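Visitor: Just to be clear, the model below is a prediction. Sequence and coordinates:
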Amino acid sequence: MNAPTGLDFASVPERIQSEVQRAIQRSIKGVEYFSTSGPTLGSTPKDVLHSRGTMSLYHYRPMSDEIYRVPVLIVMATTNRGYILDLVPGQSFIEFLLKRGYDVYMLDWSAPRPEEKSLRMEDYVLDFIPDCVRRVQQDSGEQDVSVIGYCFGGVLSLLYGSIFPDGPMKNLICFTTPIDFREMKLFSNFSDRRYFDVDRLVDSVGNVPPEMILSSFEMLRPASRTVSQIQLWENIWNDEFVKSYRMFDRWATDTLPLAGEYFRTITKDLMWDNKLFNDTMSVGGRAAKLENIKVPFLHAVAEHDHIVPYDAAKHLIAKIGSEDKQEVMLKGGHVSLVAGANAVKRLWPKLDSWLGKRST
């Protein structure tokens, strides 16, 4: 009987040996995986410039002899920690900016304590961000400050910029930032006012638990954790794959609770009434209209973002009042847009090209 066309029997022993060796490596590496802690994240040298309650302001130490005049303040999302932008050397957005000559600061968040459940949207927009901007001005000796907001950090930055249009913000950059919350489909369904009693939740538990927030993210792709664990096992012999998996998995599950009153405002004003999109948003009695933002503006969105789909973000560029504004859509997802190998090749050089000429 003839062998099936294309089947090379001579290679079968070699292939079997390869699979056996790979299986052995999986077993060895599996033991290593559970006995080691993974790579150290967020290790770019920095100083804590100020810390108060749930907020921390970092200043990263320069890595270039020549520094752009205008410092950069990064505003992180309030649900996640800032080390996603400072993974490991060679895959750190912070390190990239420093080596390109930027003076970098970050407003990062920690878990609000039970007694901080009363923190409101105005505490973040009218207190925390302006306080950090003033401290960046004092530390750098410059009046102008460029702001970069990631995800909901972008929403907070938009609110800040629309309420303080006369400065000192010189440039505003948003990564994957939603403004039409009707298009955040699963979140919108999850928080439907007909079924979701946000007042009862906040009044009962105070701060919204991180498990609830993480579960809402995982519901966007219910099988993703199982699939990723299968992929980990299939590639556990590959040190680079395992390193990348551990970095992103740690960050994705390191979710922060949200202050109760802050979450109540997000639900009612943004999720229910869509006020930012409808130009009716106010914070602490101060109108927050996106048309007030006149500074140079860049919005980077991801082609395959399952958390902030393009329909939720696409109207932002039209609503900004600046004449110097640009939207850039790049391949990637909500996280891979800003971190990892994809970001190194796509977003980071694009941002540097745009921001460098506006930072002198």
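Guide: Looks like it came in fine. Keep in mind the model is a prediction, meaning the values are calculated, not measured.
Visitor: Skip the chain neighbours and tell me the closest residue to the residue nearest the centre of the chain.
Guide: Nearest to the mean C-alpha position of the chain, counting by Cα atoms, centre = their mean, stands Tyr150 at 4.5 Å. On the basis of Cβ to Cβ, 6 or more residues apart in numbering, the spatially nearest residue to Tyr150 that is not a chain neighbour turns out to be Phe175, at 4.7 Å. Where you see a C-beta, it was placed from the backbone N, CA and C, and this is true even at glycine.
Visitor: can you give me phi and psi for the one you found?
Guide: phi -110, psi 130 (degrees, to the nearest 10).
Visitor: Hmm, Ala339 and it touching each other?
Guide: No. Distance between Phe175 and Ala339: 10.3 Å, which falls outside the contact criterion (Cβ atoms under 8 Å).
Visitor: So what does Lys325 look like in phi/psi?
Guide: Torsion angles at Lys325 (phi, psi; degrees, to the nearest 10) stand at phi -140, psi 150.
Visitor: So what does the closest residue in space to it that isn't next to it in sequence look like in phi/psi?
Guide: The shortest distance from Lys325 to any residue other than its chain neighbours is 4.2 Å, reached at Phe297 (Cβ to Cβ, 6+ apart). Dihedral angles of Phe297 (phi, psi; degrees, to the nearest 10) stand at phi -140, psi 130.
Visitor: So what's the residue count around Phe297?
Guide: Residues within reach of Phe297, counting by other Cβ atoms under 10 Å, total 23.
Visitor: Can you read off the pLDDT for the closest residue to Leu119 other than its chain neighbours?
Guide: With Cβ to Cβ, 6+ apart as the criterion, Leu119 has its nearest non-adjacent residue at 3.7 Å, and that residue is Ala259. Predicted confidence (pLDDT) for Ala259: 95.
Visitor: the strands in this structure, which residues?
Guide: 46-52, 55-60, 72-75, 104-109, 145-150, 169-175, 282-283, 286-287, 297-302, 325-330 (DSSP state E).
Visitor: Columns mean pLDDT and distance to Gly206 on top of those, output as CSV?
Guide: Written out in CSV, the entries for the strands of the chain read as follows (pLDDT from 0 to 100; distance: least, Cβ to Cβ, whole Å):
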stretch, mean pLDDT, distance to Gly206
strand 46-52, 96, 20
strand 55-60, 97, 19
strand 72-75, 98, 24
strand 104-109, 97, 17
strand 145-150, 96, 26
strand 169-175, 96, 30
strand 282-283, 97, 22
strand 286-287, 96, 26
strand 297-302, 94, 33
strand 325-330, 93, 38
